[in-house]
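Enquirer: sequence plus the predicted model coming up.
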Amino acid sequence: MTTQEFIYEVEQRIMTELAELKKLLVAQSPNVQEREWFNPREVAKMFGVKDTTVRNTWIKAGKLMAEKTLTGHLRVHIEELYRFANDTGRSFKHLEQLS
């Protein structure tokens, strides 16, 4: 087996395992009330604004703190949402409305 063949085989195994993990996560998707992290689109729904407002006006400006996942997607922690709402005087819809 060549090095390239070995690398290809390992990549295929990893992709298969990731696909199976994704299936498990989708099957076990938690109730929204139990979640701790939200993407910008979900945050926008909570506050009744566009997701570009969340990304460009709040996160990029440093008004709302977000973390990037390993794949580069933005996520906002629930405690940060409460802090932001309190600091800005904004109210957000009940989390169960996102489901």
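Expert: In hand now; what should we look at?
Enquirer: show me what secondary structure element comes after the helix or strand where residue 12 lies.
Expert: Using DSSP states H and E, residue 12 sits in helix 3-27. Using DSSP H and E, the next helix or strand after helix 3-27 towards the C-terminus is strand 37-38.
Enquirer: what distance separates that next one from the middle of the whole chain?
Expert: Relative to its chain's centre, strand 37-38 lies at 5 Å (CA atoms, centre = their mean, to the nearest Å).
Enquirer: partner strands of it and their direction?
Expert: strand 74-77 (antiparallel) (DSSP bridges).
Enquirer: so how far is the strand it pairs with off the chain centroid?
Expert: Taking mean C-alpha positions (CA atoms, centre = their mean), strand 74-77 and its chain are 5 Å apart.
Enquirer: kindly report the same for stretch 41-52.
Expert: The answer for stretch 41-52 is 13 Å, by CA atoms, centre = their mean.
Enquirer: what about stretch 53-69, start to end distance?
Expert: 20 Å (CA to CA, to the nearest Å).
Enquirer: which parts of the strand or helix carrying residue 45 are buried?
Expert: Assessed by DSSP H and E, residue 45 sits inside helix 40-47. The neighbour-count check on helix 40-47 (16 or more other CB atoms under 10 Å) flags 40, 42, 43, 44, 45, 46, 47 as buried. (C-beta placed from N, C-alpha, C; glycine too.)
Enquirer: what does stretch 55-69 give?
Expert: Applying a neighbour-count criterion of 16+ other CB under 10 Å, one finds 55, 58, 59, 64, 66 buried in stretch 55-69.
Enquirer: now the fourth one: how far from residue 46?
Expert: This points to residue 64. Per CB to CB, to the nearest Å, residue 64 is found 11 Å from residue 46.
Enquirer: likewise the second one?
Expert: Summarising the geometry, the distance separating residue 58 from residue 46, computed by CB to CB, is 12 Å.
Enquirer: reduced to three states, what does residue 71 come out as?
Expert: Following DSSP: H, G, I helix; E, B strand; the rest coil, residue 71 is assigned to coil.
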